[in-house]
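Novice: Everything below, folded, please.
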Amino acid sequence: MATIRYYLRTKSANSKIQIQLSISRDLKLRTSTDLVVNHLDWSSDTNLPKQNNPENKILTRQLRELSNHLLNEYNSDFVAGVIFDTNWLKEKLNKYFRRIDEKEDDSIFVNYLGNFIDFKKGIASYTDSTIGKYNNLKDRFSEYQKKKKKNFLIEDLSGKVLIDFKNYLIVDCGLMETTATRFIKNLKTVIFDSRNNGKQIHHQIAGFSTGTTNSEHKVFLSLQEIGKIKEIVTLNADWNLAKDWLILGCYLGQRASDLLRMTKRMIYTKTDADGNSFRFIEIKQQKTGEKVVIPLHDEVEEILKKYNGDFPPVFANNPDSNSVLFNRHIKKVCELAGIHDMVKGKYFNEVTKKNEIVETEKCKLVSSHVCRRSFATNFYGNKMFTTPQLMAITGHKSEAQFLNYIGRTADDWAMQTAKTFKELSNQKIS
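Specialist: Okay, here's the model as predicted:
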C-alpha cells in the first residue's frame, strides 16, 4: 500500500518541505513540494507543521489535501498500468499547484489557441478569412487577460468567464452584441477542440448558450426595389456601373469579394438530355474555399449583353478599394431609386467610429452584402426553389445557418406550413 511522508532536509527559517511517496520497499519517490516552513515549527513526531499558529494549521491542511490527491492519482494510474518514477511525482505536484510554463504549456488557453491556429493553417479547407477570425480572437482574449491580470487555463473557462468576456467585448471594445456573440462561438469551438485532444474543460461549457447572431435587422432589397434600381438614369459612370453590379449581385447571390472578380471566362454552357442549353458561372468562394455553380438568370444575361458578354468594369484594381467604392456607390444608387423606407439596421457612426443599430432610410444601410442576402431572401419560400438549391449557390453549410442568415424564425416556418395545410384543404374541397 502506497504511503506519503513529509520531512525537512535543512534547518532554516525557510526550509522546503520534502515529500516521499513509498510504493514498495524498493520504490520510494522523493522530491520537494516547494512549500516552506520554519524548521522550529516542524514536528518530527507527526512529520507535519506544529499547530501553534493559524498559518501552520493552514499549511497542515494543505499537506493533508495534497496527500489525499496524490494517493487518488496513484490508485487511478496504477489501474491504468502507468510506470511510476520521480518524474511522475513531479508532474503531479506541478499540476496540483498549477505550476506551468506560461509560454509553452498548452493548458493555458491562449497557448492552445496559438497551436490551434498553426495547425489549421496547414489544412486546405481553412481559408485566410477563417484563420483571421481566430487570430482576432487570440488578440482580443489576450487583451482581456491583461485587464484581468490572469492567464486563463482551459479548465478555467466557465460560463461565468465567457459571459464576462462577452461583456468586455461589448463594453470595453465597443463591439455589437452579434459580433461579440461570434467571438464566444469561436471560443467555444476551440474549447471543444481541446477536449477532443484530451484537455479538461469546465463542466458548464457543454450546456452554455452563446446567444444568437441572428438579428431582426436584416437589410435586403425586394424584387420590386431591384426593379426601381433598374429604372434609374444617371450620367455618373461609376453609379451606372454600381447599378449593374448591384443587380447582378442580387441574382448571383455572392459576396462582393467574389462578385467583383467575375469574368466571362468563368461562364460555360451545358445541355440537358432534352437538348436544352443553359449557361452557368462557376467560382470558388474566397471566404470558404467552396466551389459554387450558379445558373444565369435572365436579368444577369441582360446586363452581360450591355458589356459584349462580359461583366461590367470594376472601380479599382485593388480588391479592397474596389469593395469600398462599390459600397459607397450603391448607397447613392439606392437613394436615386427612391428606396427611402425607414428601417433599422447597422450603421457606422463617423463620430464614435463604431457600428450602431439605428433607424434610418434603407438606402443609407445598403452595403455590398445586400446582394447575397437579397438573393437568399427573395427566392426563399418560392415553391419553385428548394432551400438546398439556394444554399448550393450562397454556400451555406446547413439549413439552420441559411435561415439564421436571412432572419427566418420558427414563426416563419409555422406560417409557411399553415399555408401549405390550407392549400391541401382547398384541393380536397375542389
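Novice: How about the residue most central in space within the chain, nearest residue that isn't a chain neighbour?
Specialist: The centre of the chain sits closest to Asn186, judged by CA atoms, centre = their mean, with a distance of 2.7 Å. Nearest in space to Asn186, with sequence neighbours left out and distances taken as CB to CB, 6 or more residues apart in numbering, is Leu137 at 5.2 Å. (C-beta placed from N, C-alpha, C; glycine too.)
Novice: Wait, that neighbour touches Lys185, no?
Specialist: No - shown here, Leu137 and Lys185 do not form a contact pair, counting by CB atoms under 8 Å, at 9.9 Å.
Novice: Between these two, point out the one with more neighbours.
Specialist: Neighbours of Leu137 and Lys185, each counted by other CB atoms under 10 Å, are more numerous for Leu137; the result is 22 against 14.
Novice: which residues in this protein form strands?
Specialist: Here the chain has its strands, by DSSP state E, at 3-8, 15-22, 28-37, 42-43, 48-49, 267-271, 277-284, 291-295, 342-349, 354-361.
Novice: can you tell me which of those strands comes nearest to Lys147?
Specialist: Distance to Lys147, taken as CB to CB, is lowest for strand 354-361 among the strands of the chain, at 19.3 Å.
Novice: what residues are up against the residue nearest to Asn186?
Specialist: When contacts are counted by CB atoms under 8 Å, 6 or more residues apart in numbering, Leu137 touches Leu113, Phe183, Asn186, Leu187, Val190.
Novice: Which entries within those meet the buried criterion?
Specialist: When the contacts of Leu137 are checked for burial by 16 or more other CB atoms under 10 Å, the buried set is Leu113, Phe183, Asn186, Leu187, Val190.
Novice: Spatially, which two of those are the most separated?
Specialist: The most distant members of those, if one measures by CB to CB, are Leu113 and Phe183, lying 12.1 Å apart.
Novice: Outline the domain layout of this protein.
Specialist: As assigned by automatic domain parsing, the chain contains the domains 3-96, 109-196, 223-416.
Novice: Run the chain-centre distance for the first one.
Specialist: With CA atoms, centre = their mean, to the nearest Å as the basis, the distance from the averaged C-alpha position of domain 3-96 to the chain average is 44 Å.
Novice: and the end-to-end length of it?
Specialist: For domain 3-96, the first-to-last residue distance is 18 Å (CA to CA, to the nearest Å).
Novice: pLDDT on that domain, on average?
Specialist: Mean pLDDT, domain 3-96: 92.
Novice: repeat for the last one
Specialist: Along domain 223-416, the predicted confidence averages to a pLDDT of 89.
Novice: again, but for the shortest one
Specialist: When the per-residue pLDDT values of domain 109-196 are averaged, the result is 89.
Novice: ok so, going back, between the domains of the chain, which one is closest to Lys422.
Specialist: Nearest of the domains of the chain to Lys422, taken as CB to CB: domain 223-416 at 10.6 Å.
Novice: In helices, which of the buried ones among the contacts of Leu137 appear?
Specialist: Judged by DSSP state H, helices contain the following of those: Leu113, Phe183, Asn186, Leu187, Val190.
Novice: Excluding chain neighbours, what is closest to the fourth one?
Specialist: Closest residue to Leu187 apart from its sequence neighbours, by CB to CB, 6+ apart: Leu137 at 6.2 Å.
Novice: ok, the one you found to Leu113 distance?
Specialist: 7 Å (CB to CB, to the nearest Å).
Novice: joint contacts of the two?
Specialist: The contact sets of Leu137 and Leu113 overlap at Val190 (CB under 8 Å, 6+ apart).
Novice: Taking the chain centroid, which residue in the protein is the extreme one?
Specialist: Farthest-out residue of the chain from its mean C-alpha position, per CA atoms, centre = their mean: Asp45, at 57.9 Å.
Novice: what sits against Pro34?
Specialist: Actually, residue 34 is Asp. It isn't Pro. Lys16, Leu93, Phe97, Arg99.
Novice: how far away is the nearest residue to the third one once chain neighbours are set aside from Ser209?
Specialist: Of all residues not flanking Phe97 in the chain, Asp34 sits nearest, at 7.5 Å (CB to CB, 6+ apart). When CB to CB is applied, the distance between Asp34 and Ser209 equals 41 Å.
Novice: Cool, thanks, signing off.
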